[in-house]
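Asks: Sequence first, then the predicted structure, then my questions.
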Amino acid sequence: MPREPVPTWFYALVIVRKDDRFLVVRERKHGQRWYLPAGRAEAWETLDVAAVRETLEESGVPIVLEGILKVQHTPSGAGARVRILFLARPADDTPPRSTPNEHTLEARFVTLRELNELSLRGPEVKAIFEWVAAGAPVAPLDLLGVE
């Protein structure tokens, strides 16, 4: 007897680092707090494409993905969530958006010290940035592939 498929949502979270600064976005949802560029992959896109798209939509900053920091799988009674944390750098000198759009209110590069002055969506943001600043291991992008 075949088993029912498990509904699973796939998310790309992007840690964009420029020297000693990290890209954060102020979200329209979630209490208008600061978070990293992130979002759910669409049915037609791979996770790396979702990472680039979400970062551009939310921050206005084009990026180059450098690797994978972590893969997280969180099952629940209703399904499961898979998150890929990507490390990226800006593709050029395009400044972050300072005007609202349908996704976010604004974006900026901040140091770890400046991060303390922002109302963050949760402590995860600072923990991830500190982990990356301390030299988190980075896996190659080809770890992800298409079947």
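Replies: Happy to help now that I have it.
Asks: Listing request: residues of the protein with sub-threshold pLDDT.
Replies: Across the chain, nothing is flagged by pLDDT under 70.
Asks: Show me where this protein has its strands.
Replies: For the chain, the strands defined by DSSP state E occupy 8-18, 21-27, 34-35, 38-40, 63-76, 79-90, 104-110.
Asks: Let me have the ones you listed in CSV, extended by mean neighbour count and distance to residue 120.
Replies: Any C-beta I mention is one placed from the backbone N, CA and C, and that applies to glycine too. Output for the strands of the chain, formatted as CSV (neighbours: other C-beta atoms under 10 Å; distance: least, C-beta to C-beta, whole Å):
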stretch, mean neighbour count, distance to residue 120
strand 8-18, 19, 14
strand 21-27, 23, 8
strand 34-35, 21, 5
strand 38-40, 17, 13
strand 63-76, 15, 18
strand 79-90, 19, 16
strand 104-110, 19, 11
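Asks: Make TSV out of the ones you listed and add distance to residue 98.
Replies: Shown next, in TSV, are those (distance: least, C-beta to C-beta, whole Å):
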stretch	distance to residue 98
strand 8-18	16
strand 21-27	10
strand 34-35	14
strand 38-40	20
strand 63-76	18
strand 79-90	16
strand 104-110	6
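Asks: Go through those and name the closest to residue 139.
Replies: strand 63-76 (4.4 Å; C-beta to C-beta).
Asks: now the angle from that closest one to strand 21-27?
Replies: 60 degrees (axes from the mean of the first three to the mean of the last three C-alpha atoms, to 10 degrees).
Asks: Can you pull out the residues in contact with strand 63-76?
Replies: Identification of contacts with strand 63-76 by C-beta atoms under 8 Å, 6 or more residues apart in numbering yields 6, 14-16, 48, 51-52, 55-56, 80-91, 128, 131-132, 136-141, 143-144.
Asks: circling back: quick one: which of the strands of the chain is nearest residue 96?
Replies: Of all the strands of the chain, it is strand 104-110 that lies closest to residue 96, at 3.7 Å by C-beta to C-beta.
Asks: Thank you kindly, that will do.
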